[in-house]
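K.L.:
Provided below are the primary sequence and the corresponding predicted coordinates.
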Amino acid sequence: KSVLDEAREQLTAITRDHIKYSALVEKLITQGLCQLMEPAVTVRCRQVDQTLVEAAVPRSVQIYKSMSKLNCIVTVDTAVYLPPTTCGGIEMIVRNNRIKLSNTLEARIEMLSEQMLPEVRTALFGVNENRKFNT
């Protein structure tokens, strides 16, 4: 848990470097568009990231179009923002809030921590002899 807390603190440092963070946001938007494959997407971000996200959207849409050969209209939500306590990243909303893709930095850390849990368990406690599969 302390490793995850330290990683969250490190993420706030990434958001301060506007060049790296801008590239990261662009990749997060592109990845979300590829996962959703929807014709109309709304992007939510922190209020402090709004101009950065608005600048990244056209590049992400262009990359998405070249990869998928599909058109997509992306709008940045200026009425609802992610909480300022969020480290950064974006959320993507489609079909009148029926589908939400969370691509925030915290969501990414949680996803990685769940994927690494078996490795951490093995490193701390050794190989479990009762386990049928070692994946």
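P.N.:
In hand now; what should we look at?
K.L.:
So what pairs up with the residue nearest the centre of the chain in the strands?
P.N.:
In the chain, the centroid-proximal residue (CA atoms, centre = their mean) is Asn103; its distance is 2.2 Å. Beta-bridge partners for Asn103, by DSSP bridges, are Ile90.
K.L.:
For it, give me its contacts.
P.N.:
Leu28, Ile29, Gln31, Gly32, Gly89, Ile90, Glu91, Met92 (CB atoms under 8 Å, 6 or more residues apart in numbering). C-betas here are computed from N, CA, C, even on glycine.
K.L.:
how close does it sit to Gly126?
P.N.:
Separation of Asn103 from Gly126 (CB to CB, to the nearest Å): 35 Å.
K.L.:
got it, and Gln35?
P.N.:
37 Å.
K.L.:
same check, this time on Tyr81
P.N.:
46 Å.
K.L.:
again with Asn97
P.N.:
According to CB to CB, Asn97 stands 46 Å off from Gly126.
K.L.:
buried stuff in the helix ranked longest in the chain?
P.N.:
Scanning the chain for the helix with the most residues, using DSSP state H, yields helix 105-125. Neighbour-count burial for helix 105-125, counted by 16 or more other CB atoms under 10 Å, picks out Leu105, Glu106, Ala107, Arg108, Ile109.
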